[in-house]
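J.: give me a 3D structure for the following:
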Amino acid sequence: MSLVFLSDLVRTWQFNIIALLVITVVFVQYYKLSVVGAKQDGAVLVVLQCIGGMSILVLMPFYPITFATDPGTYLLLLAAVVLYALNDRIQTTVRRHLDVSLFSILNQFSKVFLVLYGIFLFHQQIVSRRLVGGVLILLSIAALFYRRGKIHLNRHVLLSLLAELVIATAITIDVDISTQFNLPAYIMITLVLPALLVFSVERLKVAEIVEEFQSDRKAYHLVTGVSWGLLILFTIRSLQLGEAVFIAPLMAVSVPLNVVVASILHHEKDHMLRKIIVSFVIILGIYLTVV
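T.: Purely as a prediction, here's the structure:
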């Protein structure tokens, strides 16, 4: 297999979406293993973000060395970084307490917020099929928590929904900023700067970070951290190389994949059929929001 063939292959959306699905499953499953049993969620997060941000720099020479020149871009990036830090911090705690399968499904709720942002913030034309798609996602998630005539939501589910609102806001601010930077460098910024924010706000000590890194979950940390950087890379490249109408629903295929893998790896057997049905309804909903 020639280097030219490999180079052409990694520039296809097909390669990047397949790589994304594999990396997403690895990331989601191992994140749970990383955070369960940790003394401090914030310390775990800082470890994972630093591993992800620094490891992705290995790929820096393979992308154009460019950086934004407009100061306004850096202000928007800073605002997005603050939101990324908040989202990551909330999600770390949520991942510890929720089943992997549930979290994977709830993680798609940001698509509903993005539709709403498009309508109310950017005054996009109201398209009925996009509204139907958003409603399908909303109703399918509601059905997941419907028990004996009521929808049962605990505080970690509500925190997860808050995190989805935060990440949707960050994405809205951060639209197209990555195109103005060397891609691995951009990923490093969006991981390491949030890590520094969490480290400062929670007043963590270097010794606590080192202790967490050297814990018996070190291997989980390394896998999760490295896969985090790659996940962002493959996400951006998939969207750059392919059409959103195909890429967005294909990304959501990771949801049923994570449900199945979590049932094996984490023994999450409860309501399996319901979770799988909800997963595929979400894929349909996402397709309708981008078509």
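J.: quick one: Leu191 and Gly53 touch, right?
T.: Yes - between Leu191 and Gly53 a contact is recorded at 3.5 Å, counting by C-beta atoms under 8 Å. Every residue, glycine included, has its C-beta placed from N, CA and C.
J.: all strands for the stretch 101-250 of the chain, in order.
T.: Counting by DSSP state E, counting those that start in this stretch, the stretch 101-250 of the chain has strands at residues 146-147, 150-151.
J.: in TSV: these, plus mean pLDDT, mean neighbour count and distance to Ser160.
T.: TSV is the format used below for the strands of the stretch 101-250 of the chain (pLDDT from 0 to 100; neighbours: other C-beta atoms under 10 Å; distance: least, C-beta to C-beta, whole Å):
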stretch	mean pLDDT	mean neighbour count	distance to Ser160
strand 146-147	82	11	17
strand 150-151	82	10	14
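J.: out of the ones you listed, nearest to Leu86?
T.: strand 150-151 (25.7 Å; C-beta to C-beta).
J.: who touches that closest one?
T.: Strand 150-151 is contacted by residues Ala142, Phe145 when judged by C-beta atoms under 8 Å, 6 or more residues apart in numbering.
J.: so where's the stretch 101-250 of the chain shaky on pLDDT?
T.: Flagging of the stretch 101-250 of the chain using pLDDT under 70 yields the residue ranges 122.
J.: hmm, 50 instead?
T.: Of all residues in the stretch 101-250 of the chain, none has pLDDT under 50.
J.: in this structure, where's the longest helix?
T.: Assignment by DSSP state H gives helix 71-97 as the longest helix of the chain.
J.: for the record, mean pLDDT for it?
T.: On average, the pLDDT along helix 71-97 is 95.
J.: which strands and helices sit next to that helix?
T.: Using 3 or more C-beta pairs under 8 Å, 6 or more residues apart in numbering; DSSP states H and E as the contact test, the elements touching helix 71-97 are helix 13-35, helix 41-55, helix 100-106, helix 155-173, helix 183-201.
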